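Enquirer: Whatever this is, show me its structure:
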Amino acid sequence: MYTKQIPFKDFKGNPRNHTVHFNLTEREVFKLLKEFKQVFDWRESIQSTDIRELDTAEVIEFYNAFEEILLSAWGVPSEDGLHFRKSGRYEFEESALFNACMVLFVTEPEETGRLIDGIMPKGMEEMVKKADANLDALGKSEASESELRREIERLRSQLPAPAPSPATPQA
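Expert: Model (predicted):
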């Protein structure tokens, strides 16, 4: 989970501070493979020693991918830690707080990196990077949705088995 205190002004111009929480499960990362690939490609391009100007299409792709990741990851953790409630996604998207988050993360690449590192479940970043080549190949061949699902299932099978939940009876 990634938590950040965000200073912003509401739509009436009043200064505010709000703590936001972002979290993704392995299942959610699989659903966002394409978006993560775009963000990782952007991250590599800004870390490269071969500095170049990004074209408008690249900026739009990054922004749209990052926005979907941010909206998918936003939520409120339950007090008992068993749930991460995301039912307020559209209210968040319409808020001045969301605007402030997007401005912060788009203008501060270091903070974007901390967010991505904070929401990425352990072991998943390497798997997403390995999936890059396969996703590229599938995308170039105009893969069907079933081919994409098979690739996601193949990647999912490589994940370590989760530890049993304390509430799950042991056989």
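Enquirer: Could you use CA atoms for every contact and neighbour count after this?
Expert: Fine.
Enquirer: those strands in the protein, which residues are they?
Expert: 2-9, 15-22, 74-77, 84-85 (DSSP state E).
Enquirer: Packed most tightly, which of these would that be?
Expert: The highest mean neighbour count among those, using mean count of other Cα atoms under 10 Å, belongs to strand 74-77: a mean of 20.
Enquirer: Partner strands of that strand and their direction?
Expert: Strand partners for strand 74-77, identified by DSSP bridges, are recorded as strand 15-22 (antiparallel), strand 84-85 (antiparallel).
Enquirer: hmm, back to that, could I get the strands of the chain as CSV with mean pLDDT and distance to residue 91?
Expert: Shown next, in CSV, are those (pLDDT from 0 to 100; distance: least, Cα to Cα, whole Å):
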stretch, mean pLDDT, distance to residue 91
strand 2-9, 96, 16
strand 15-22, 96, 13
strand 74-77, 95, 11
strand 84-85, 94, 13
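Enquirer: now those in TSV, with distance to residue 128?
Expert: Formatted as TSV, the strands of the chain follow (distance: least, Cα to Cα, whole Å):
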stretch	distance to residue 128
strand 2-9	19
strand 15-22	19
strand 74-77	20
strand 84-85	23
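Enquirer: looking at these, which is closest to residue 68?
Expert: strand 74-77 (10.1 Å; Cα to Cα).
Enquirer: now what about that closest one, what contacts it?
Expert: The contact list for strand 74-77, computed with Cα atoms under 8 Å, 6 or more residues apart in numbering, reads 20, 21, 22, 23, 83, 84, 85, 86, 87, 88, 89.
Enquirer: Residue 6 against residue 21, yeah?
Expert: No. Using Cα atoms under 8 Å, residue 6 is not in contact with residue 21, being 10.5 Å away.
Enquirer: Can you show me the helices along this protein?
Expert: Listed from the start of the chain, the chain has helices (DSSP state H) covering 26-31, 33-47, 56-73, 89-93, 96-107, 109-119, 124-140, 145-157.
Enquirer: what separates the longest one from the chain centre, distance-wise?
Expert: It refers to helix 56-73. 9 Å (Cα atoms, centre = their mean, to the nearest Å).
Enquirer: Average pLDDT for that helix, rounded please.
Expert: Helix 56-73 carries an average pLDDT of 89.
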